[in-house]
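*Asks:* Predicted model and sequence follow; I will ask about them next.
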Amino acid sequence: MMKFVNRISEQVRLKKSFQMENVSFVVLYGRRRCGKSRLIRQVLTTDDVYFMADQSESAQQRVLLAKVIAELITGFDKVVYPDWETLFETFNLRLTNKITLCLDEFPYLVKSASELPSILQKMWDKKEQLKFNLVICGSSQQLMHGLVLDSTAPLFGRANEIMKIKPMQLPYIQEILQCSDIETIEEYSVWGGIPRYWELRLSETNLSEALKKHLLSSQGILYDEPMRLFLDDMRDTAHSFTILLLIAAGCHRLSEIAARIGKPATNLSAPLEKLVSLGYIEREVPFGENYKNSKRSLYKIADPFLNFYFNYVVPYRSFIEIEQSDVILTRIKKHFSEYVSFYWEKLCREAVPFLTVNGVRFNSAARWWGNPSKDMSIELDVVAVSPDEKFLLVGECKWSDKALSTDEFFAELERKVALLPFAQGKTVIFALFLKHKPVNNCNKAIFLPEDILAAYKNCY
C-alpha cells in the first residue's frame with residue numbers, strides 16, 4: 001500500500017471533532033479515489049467502527065454492519081435488526097465509552113433505504129443521549145449535497161464539520177514517486193492529484209508501462225474511469241462525455257461547443273457549470289475581467305487525468321481494443337512536451353502568489369488574450385498585479401526539451417506589453433518560466449521546475 005502523505009489539516013480537524021466533549025457529526029465528500037476513505041481510516045482508532053457500504057439490499061447492509069460492530073461489541077451480530085432505527089438504538093445502548101462510527105459510501109445506504117437520513121435526523125436531534133460520533137462519507141458530490149448541504153435536506157444544519165476532500169497538490173506526487181522536478185511536472189500532467197492513480201503508477205517501473213497497463217488496455221483499471229466518475233454525479237453521462245471530448249479537441253468557446261453538439265448555447269450553461277463545480281473543467285477569463293460578467297470566457301479541462309484521457313484514450317479506442325497500444329504511445333511521445341506545456345503554464349500561474357519576483361510579491365495570476373488593434377492578436381501566459389497595484393508581472397512559459405536563449409522572448413514580451421492599456425502607469429517586471437536553464441546569461445527573472453516545486457512546498 002502507498003504510504004500516507006499530507007492531509008495534515010484535515011486530520012487535525014477530524015481529531016479535534018472526535019475529541020469534543022459532546023458527540024460530533026462529520027460529513028466528508030469529494031471525488032472518487034481522492035483518498036477520503038484512507039483519510040478517515042488514518043484518524044480512526046481500533047475502538048472505532050468503520051463500515052464500507054455497498055449496493056446490496058438494506059437488510060443485507062444491516063447484517064454486514066452488525067458483523068463489523070460485533071468486532072467491538074461481542075454478540076452484536078447475533079440479532080436480526082428489522083430496521084435502521086433499531087440497529088442504531090441498540091448500538092448506542094450497548095456502548096460503554098464514546099467512539100466514532102463511520103458510514104462510508106453513505107449514498108449507497110440511502111439508495112436502498114430512503115428513510116435513513118430522516119432516522120439520523122431524529123437521532124441527532126437527541127444527540128445528548130448518544131455515545132458515538134457519526135461520520136458519513138461519499139463520492140457522489142451531488143448526492144452528498146442533496147443529503148446534507150441542501151436547505152431542504154433532513155440533515156441540513158446538523159453537521160459539526162463538512163469537509164470537501166480535494167485532489168492533492170503537486171509536491172506530494174514527487175514524494176510518492178521519488179522523481180526529479182521535471183518528471184514531477186510530467187507525471188502530474190497525466191495523473192493529476194488523485195492518490196489512487198499515483199498508487200497505480202507506482203506499481204510500474206516507468207510512465208509508459210503504467211499507461212500501457214492501466215489506460216491503454218481494454219482491461220486496464222482506469223480504462224473506463226471517466227464514466228465511473230460521471231455516474232457518481234451526472235444524470236446524462238453521454239452529454240458530459242461529449243462536452244469533454246469536444247473541449248479536448250479544441251472547442252473552447254461556448255458557441256463552438258454548442259455548434260458541434262447541435263444545441264442552443266443556453267442549453268449548455270447548466271451542464272458546463274456542473275462540470276466546473278466538480279472540478280473537471282474550468283472557465284477561464286482574461287486577466288482583469290470580471291469572472292461573472294465576461295463574455296470572452298474559454299472552457300478548458302482542468303483535471304489532468306481527464307485531459308489526458310480525452311486526448312489520448314478516447315480518440316484511439318479502436319487501437320486499444322485490438323491491443324495496439326504502441327501506436328498510441330508513439331503519438332504520445334511525439335506530442336508529450338506540447339501536452340505538458342498546458343499544465344506547466346497552469347502550475348506556474350498558480351505558483352505566482354508564492355514567488356518573489358525581483359523583490360516583489362504578486363496576487364493571483366491569469367492568462368490574457370485580446371486584440372489591441374483591429375488586425376493584431378496577443379496572448380500572454382502569465383499576468384499578475386502586486387497588492388499595491390504599482391507592479392505588473394508579465395511572463396511567458398516554455399516547456400521545451402532544448403535549452404533556450406532568453407533574449408528574443410524578453411524582447412517579444414516588451415513589444416506586447418507596450419500595446420496593452422492596463423500596463424500603463426505600472427512598473428512592469430518580466431519573467432520566463434522554463435523547463436531548462438537558458439543557454440545565455442540573463443539578469444532577468446527566470447523560474448525553473450525546481451523553483452515552482454519549491455513555491456508549492458512553501459505554501460502547503
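*Replies:* Ah, there it is. Residues are numbered from 1 along each chain as shown.
*Asks:* hey, where'd the strands end up in the stretch 151-300 of the chain?
*Replies:* Remark: strands assigned in the stretch 151-300 of the chain by DSSP state E, counting those that start in this stretch are 161-164, 281-284, 298-301.
*Asks:* Out of those, which one sits most buried?
*Replies:* Counting by mean count of other Cβ atoms under 10 Å, strand 298-301 has the highest mean neighbour count of the strands of the stretch 151-300 of the chain, with a mean of 20. Placement of C-beta: from N, CA and C, glycine included.
*Asks:* what packs against it?
*Replies:* helix 237-248, strand 281-284 (3 or more Cβ pairs under 8 Å, 6 or more residues apart in numbering; DSSP states H and E).
*Asks:* Mind listing the strands that strand pairs with, and their directions?
*Replies:* In the sheet, strand 298-301 lines up against strand 281-284 (antiparallel) (DSSP bridges).
*Asks:* what are the phi and psi values for residue 319?
*Replies:* Note on residue 319: its backbone torsions stand at phi -70, psi -40 [degrees, to the nearest 10].
*Asks:* Provide a list of residues in contact with it.
*Replies:* Contact analysis of residue 319 by Cβ atoms under 8 Å, 6 or more residues apart in numbering lists 325, 327-328.
*Asks:* Residue 132 is in contact with residue 25, correct?
*Replies:* No - counting by Cβ atoms under 8 Å, residue 25 sits too far from residue 132 to count as a contact (10.3 Å).
*Asks:* Report the secondary structure state of residue 27.
*Replies:* Put simply, residue 27 is strand when judged by DSSP: H, G, I helix; E, B strand; the rest coil.
*Asks:* Check it and give its pLDDT.
*Replies:* Note on residue 27: pLDDT of 93.
*Asks:* cool, residue 9 as well?
*Replies:* At residue 9, the pLDDT value in this model is 87.
*Asks:* For it, give its distance to residue 175.
*Replies:* Computed as Cβ to Cβ, to the nearest Å, the residue 9 to residue 175 distance reads 17 Å.
*Asks:* Let me have the strands of the stretch 151-300 of the chain in JSON lines, extended by mean pLDDT and distance to residue 310.
*Replies:* Shown next, in JSON lines, are these (pLDDT from 0 to 100; distance: least, Cβ to Cβ, whole Å):
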{"stretch": "strand 161-164", "mean pLDDT": "91", "distance to residue 310": "24"}
{"stretch": "strand 281-284", "mean pLDDT": "95", "distance to residue 310": "10"}
{"stretch": "strand 298-301", "mean pLDDT": "96", "distance to residue 310": "7"}
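*Asks:* Make JSON lines out of these and add distance to residue 111.
*Replies:* Formatted as JSON lines, the strands of the stretch 151-300 of the chain follow (distance: least, Cβ to Cβ, whole Å):
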{"stretch": "strand 161-164", "distance to residue 111": "21"}
{"stretch": "strand 281-284", "distance to residue 111": "27"}
{"stretch": "strand 298-301", "distance to residue 111": "30"}
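*Asks:* Of those, give the one that comes closest to residue 248.
*Replies:* Closest to residue 248 of the strands of the stretch 151-300 of the chain is strand 298-301 (Cβ to Cβ; 6.1 Å).
*Asks:* what does that closest one rub up against?
*Replies:* Under the criterion Cβ under 8 Å, 6+ apart, residues 244, 247-248, 252-254, 257, 272, 280-285, 307, 310, 342 lie in contact with strand 298-301.
*Asks:* same thing but 10 Å
*Replies:* Identification of contacts with strand 298-301 by Cβ atoms under 10 Å, 6 or more residues apart in numbering yields 243-248, 251-254, 256-257, 268, 272, 275-276, 280-286, 307-311, 342, 346, 367, 369.
*Asks:* Between residue 9 and residue 175, tell me which one has more neighbours.
*Replies:* Set side by side, residue 9 and residue 175 give different neighbour counts by other Cβ atoms under 10 Å, the larger being at residue 175 (15 against 10).
*Asks:* Quick one: residues contacting that one.
*Replies:* Contacts for residue 175 (Cβ under 10 Å, 6+ apart) come out as 3, 5-6, 168, 184, 198, 457.
*Asks:* just residue 390 next, same as before
*Replies:* Counted by Cβ under 10 Å, 6+ apart, residue 390 has contacts 360, 425-427.
*Asks:* for residue 393, same thing?
*Replies:* By Cβ under 10 Å, 6+ apart, residue 393 lies in contact with 352, 355, 357-358, 360-363, 365, 382-386, 426, 428-431, 445.
*Asks:* Mind checking which of these are buried?
*Replies:* Buried subset of the contacts of residue 393 (neighbour count, 16 or more other Cβ atoms under 10 Å): 352, 355, 357, 360-362, 365, 382-386, 426, 429-431, 445.
*Asks:* among those, which are in strands?
*Replies:* Members of the buried ones among the contacts of residue 393 lying in strands (criterion: DSSP state E): 357, 360-361, 382-385, 429-431, 445.
*Asks:* Can you pull the poorly scored residue ranges out of this structure?
*Replies:* Scanning the chain for pLDDT under 70 picks out 1-3, 460.
*Asks:* Include distance to residue 49 when you put the helices and strands packed on strand 298-301 into TSV, please.
*Replies:* Shown next, in TSV, are the helices and strands packed on strand 298-301 (distance: least, Cβ to Cβ, whole Å):
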stretch	distance to residue 49
helix 237-248	34
strand 281-284	38
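*Asks:* of all these, which lies closest to residue 321?
*Replies:* helix 237-248 (17.3 Å).
*Asks:* For that closest one, output the C-alpha coordinates as PDB.
*Replies:* Taking C-alpha atoms only, helix 237-248 is exported to PDB below (Å, rounded to 0.1, in the frame of the first residue of the first chain):
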ATOM      1  CA  THR A 237     -23.200  10.800 -18.700                       C
ATOM      2  CA  ALA A 238     -23.100  10.800 -22.500                       C
ATOM      3  CA  HIS A 239     -23.600  14.600 -22.600                       C
ATOM      4  CA  SER A 240     -20.700  15.200 -20.200                       C
ATOM      5  CA  PHE A 241     -18.600  12.800 -22.100                       C
ATOM      6  CA  THR A 242     -19.300  14.600 -25.300                       C
ATOM      7  CA  ILE A 243     -18.500  18.000 -23.800                       C
ATOM      8  CA  LEU A 244     -15.100  17.000 -22.500                       C
ATOM      9  CA  LEU A 245     -14.300  15.300 -25.800                       C
ATOM     10  CA  LEU A 246     -15.100  18.500 -27.700                       C
ATOM     11  CA  ILE A 247     -13.000  20.600 -25.300                       C
ATOM     12  CA  ALA A 248     -10.100  18.300 -25.700                       C
END
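*Asks:* So which bits of that helix are buried?
*Replies:* Neighbour-count burial for helix 237-248 flags 237, 239-241, 243-248 (criterion: 16+ other Cβ under 10 Å).
*Asks:* Thanks a lot, see you next time.
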